[in-house]
Structures are given as C-alpha cells and as structure tokens.
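Asks: prediction below, plus the sequence it came from.
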Amino acid sequence: MTHTIIKNGLLIDGTGAEPKEGHIVVVKDNRIEYAGEESGYTATGNETTIDAQGGTITPGFIDTHVHIMFEYSPVSQRLATPFSYMYYQVQEYMKTTLNAGVTSVRDALGTDLGVKKAVEDGLVSGPRMQLSINALTTTGGHGDGYTVSGNTLDLMHSDYPGMPNGMCDGVEEVRKKTREMLRAGAEVIKVHATGGVLSATDHPEFTQFSLEELKVIVEEGKFRKNTRVMAHAQGAEGIKNAVRAGIHSIEHGIFIDDEAIELMVENGTFLVPTLLAPVAVLETADETGMPASAVEKSKEVIDIHVASFTKAYKAGVKIAMGTDAGVFKHGTNLRELELMCNAGMTPMDAIVASTKTAAECLGWEENVGTIEAGKFADILVIKGNPLEDIKSLSNHDTIQVVMKDGKIEKDIR
C-alpha cells in the first residue's frame, strides 16, 4: 500500500469549478483517496510527496479520437515497412502520448485488442484505451482504399487476425460486420457516415449508409450492454442521419447545420470536433506525402470547420476533445485546446471538454475525468497556469508530471 501527496499547486479538478489554492490530492495505490484543503488531511509522515512547485494540478487529459497504431507516412515508406514493425512503433506513439499529458484515449480504428492487453498487463506503457477495432464503411466510401488508378491502398493494415475488414453494404451485411467488430473486442462501434478529407474517391459532404443501416448498428450495440456508436460524419445530411439513428458521438462535424445542432442538443449527442486534423494535414503535407486531393479538401473545409464548431459550442452541444492523432504526429494532441479557444471556447471549458466531458463521452465518468475521491489516479502537474496560457499545454516541457493509475509515467521537475 502506497500513499502519495500532491501539493503546492493550483487545483483545477476538471468539473469546471473555480481553481483552488491550498488544496492537495492524496493518492492511495491507484485511486484518489482525498482531494481538498490541506488542513483537512492528516499526514502520517510515510507518504511520498510530489511538489507541484506553484504550478497546476489537473486530471489527465482524454483524447476521444486517435489512431494510436499508426502515423501517416509516404506511400513508398509504408510499402517498404514489414507488417510487424507497427507493433514496435506503437510503443513510441503511446509513450509520446503519455508525455503530452494524455492518459486516456478512444481509438477510432486501427488498434487491435492485443495492444490494449499489453498496456493493461504492464508489458508496455500507454494510455487507457477504448477500442473500436476497425470502422464500418461502404464500398467506395471513406475507408475504402480504392484509388483512381484502380488499385487498392489502405491507410493502415486491415483484415488480419484480430482486425476484421470493415467494408459492408446493406442492412444484413452491416449487422454481421458490427457483430464481427464486437467479437474482435470493440468497446465502441465506429462507422463512417460520410465521406472524408483523406478519401480518394469521395467528398466530406457525401452521405454513406442509409438511416436503416445506421439504426441496425446502434441496435446491435445495444444488445452488447449498450455499446456506443461513434460516427465519422462531416456532411450535414450524414450528421443528421447519425443523430436520428441514435449514434452517441459525431466525429469532425465539419458541415454541421442548424438543424443538426438542434437535433444534437435535443438528443444529448456529443461532438468531437478534431479541429487539429485539417490544420495538421496542411502543415505536414510535404513531409508525409499527403495526396493532393486531401490537401485541397483541407483547404476547402478548414474555415467552415471552425465556424461549425463555434456555432455548436454557442448552442450548447456537448463537446469532447478529440484530435485524429495518427493522421499527424502523436504527442501533439493538446494543440486542440488552443484551437478550440481560438474558435471561441473559454480555457476552462476547453479543459472540461478534455477531462470531464471526454470521460462522459467514453462512458468512463465514474472512474476518470475529474479529481475526486474514489476515481483512478490519472493526474498531471503542469508548469504555470493553463487558464492564462492554454497554448503552453502543447509544449511537453509544460507537462511536468504524468501519473496514470497511480504510477508516475513522467517526472521532469
């Protein structure tokens, strides 16, 4: 049994409450035992102390949309890389993600159950993971690797043991494919409800899957202890189809319209905006060999994306932080908070979106997302005050201490 006291820092607990001076956090083994005024806890003298040195204590951040198993790279490089190499690369991606202060992620396709088990069994370090395994997609839709040359080149490896191929058309194929993902260990179902920026043969506004097909996916999820469904949905029609079908979260939401926003508020649907995705595509296009079609579509959507986010935020849509990390470099996740603030969100709301609301989006609010007694000890010590300089969070040196499940994963004080 171990006890750790984290003290001498401004406490931002993730609930949206006012920051608190003179409060401490006490960790017993892997859970928070106490969070409150220092005078309210009697120390035994046997505790380990972490001195926040006048910085800020926050919950670990949660990224609700990553692809932890890969990073976008030139086609020639992917073709020259052996299959198993990705299992060594992912160890670095996970370590970098933790160093950035992200202690939990929802993987939006590409990671199989073995990676999560390796983290849980302590073989490698990594964030908590909620897996979708692979995304359901239509023939010719976002996720179909068919190119204009007539050849197929998937962004990532698929259709290997533990990673079913997600292609399906028609109600019964969709039902079976959903069951295959659940069988492979999916804890959330991912569906491509529209085209996307990286698609070679479609456009973000193109609608994929009928309302009936989407309803079947939701229905199958409910049969498995209410497994939730997340929808890559960028065009307005696809967004509204997803919400009407009962899908839990809308990923990206680029062309969201007033009707879609009204439906999302009415149904309590989450928006995971991933503002960083098109920004990063443009920044890294030359380095990664990003196709010209993706660059052009990113230029087309980037301002629309920001405007849609601002409109949804002002209307009261529940927003959970997500980035699409993997389309660009892992470890840059917390740039998303600055982008959300640039689009009108307050710094405190951005932190809540990345902690409490993100945990709710994953259905993990009982255990993570806020600093409260009884929850898992996923805690950060941050240099300075992020409410005064939200941009500083994108610098790994700002994240001084990372504790996940009561274990120190990083300490650079």
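Replies: Happy to help now that I have it.
Asks: residue boundaries of the helices in the stretch 251-400 of the chain?
Replies: 258-267, 276-288, 292-315, 335-342, 347-353, 356-362 (DSSP state H, counting those that start in this stretch).
Asks: closest to residue 148 out of those helices?
Replies: With respect to residue 148, and counting by Cβ to Cβ, the nearest of those is helix 292-315 at 8.8 Å. (Each C-beta comes from the backbone N, C-alpha and C, glycine too.)
Asks: so which elements touch that closest one?
Replies: When contacts are defined as 3 or more Cβ pairs under 8 Å, 6 or more residues apart in numbering; DSSP states H and E, helix 292-315 packs onto helix 258-267, helix 276-288, strand 318-319, helix 335-342.
Asks: could you dump these to JSON lines with mean neighbour count?
Replies: JSON lines is the format used below for those (neighbours: other Cβ atoms under 10 Å):
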{"stretch": "helix 258-267", "mean neighbour count": "17"}
{"stretch": "helix 276-288", "mean neighbour count": "19"}
{"stretch": "strand 318-319", "mean neighbour count": "21"}
{"stretch": "helix 335-342", "mean neighbour count": "22"}
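Asks: switch the helices of the stretch 251-400 of the chain over to CSV; also include mean pLDDT and distance to residue 33.
Replies: Compiled in CSV, the helices of the stretch 251-400 of the chain are given as follows (pLDDT from 0 to 100; distance: least, Cβ to Cβ, whole Å):
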stretch, mean pLDDT, distance to residue 33
helix 258-267, 98, 37
helix 276-288, 90, 35
helix 292-315, 92, 35
helix 335-342, 98, 29
helix 347-353, 98, 23
helix 356-362, 98, 19
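Asks: of the ones you listed, which is nearest residue 413?
Replies: Proximity to residue 413, assessed across these by Cβ to Cβ, is greatest for helix 347-353 (21.1 Å).
Asks: ok, residue 240 to residue 269 distance?
Replies: 10 Å (Cβ to Cβ, to the nearest Å).
Asks: ok, back up a step: out of the helices of the stretch 251-400 of the chain, nearest to residue 84?
Replies: Across those, closest to residue 84 is helix 276-288 (Cβ to Cβ), at 22.0 Å.
Asks: show me what the closest one is packed up against.
Replies: If you count contacts as 3+ Cβ pairs under 8 Å, 6+ apart, helix 276-288 packs onto helix 292-315, helix 335-342.
Asks: ok now that helix, how far from the chain's centre?
Replies: How far helix 276-288 lies from its chain's middle: 18 Å, per Cα atoms, centre = their mean, to the nearest Å.
Asks: try stretch 108-116
Replies: Per Cα atoms, centre = their mean, the centroid offset for stretch 108-116 relative to its chain is 13 Å.
Asks: okay, how far is it across that stretch, tip to tip?
Replies: Stretch 108-116 has an end-to-end distance of 13 Å (criterion: Cα to Cα, to the nearest Å).
Asks: that stretch: which residues count as buried?
Replies: 108-113, 115-116 (16 or more other Cβ atoms under 10 Å).
Asks: re the thing from before, so for residue 1, which of the helices of the stretch 251-400 of the chain sits nearest?
Replies: Nearest of those (Cβ to Cβ): helix 356-362, 26.3 Å.
Asks: for the closest one, which outside residues touch it?
Replies: With contact meaning Cβ atoms under 8 Å, 6 or more residues apart in numbering, helix 356-362 is reached by 14-16, 59, 61-64, 104, 106, 130, 188, 248-249, 270, 272, 318-322, 365, 367-370.
Asks: in this protein, which helix or strand is least confident?
Replies: Least confident helix or strand, the chain: helix 75-79 with a mean of 85, by mean pLDDT, DSSP states H and E.
Asks: okay, now the domains of the chain?
Replies: 3-60+369-411, 61-362 (automatic domain parsing).
Asks: just name the most buried of the ones you listed.
Replies: Stretch with highest mean neighbour count among the domains of the chain: domain 61-362 (a mean of 21; mean count of other Cβ atoms under 10 Å).
Asks: please report how far the most centrally placed residue in the chain lies from residue 4.
Replies: For the chain, the residue sitting closest to the mean C-alpha position, by Cα atoms, centre = their mean, is residue 64 at 2.1 Å. Distance, residue 64 to residue 4, using Cβ to Cβ: 28 Å.
Asks: same check, this time on residue 278
Replies: From residue 278 to residue 4 the distance is 41 Å (Cβ to Cβ).
Asks: ditto for residue 143
Replies: Distance, residue 143 to residue 4, using Cβ to Cβ: 44 Å.
Asks: that older thread, which stretch in the domains of the chain is the model least sure about?
Replies: Of all the domains of the chain, the minimum mean pLDDT falls on domain 61-362 (a mean of 93).
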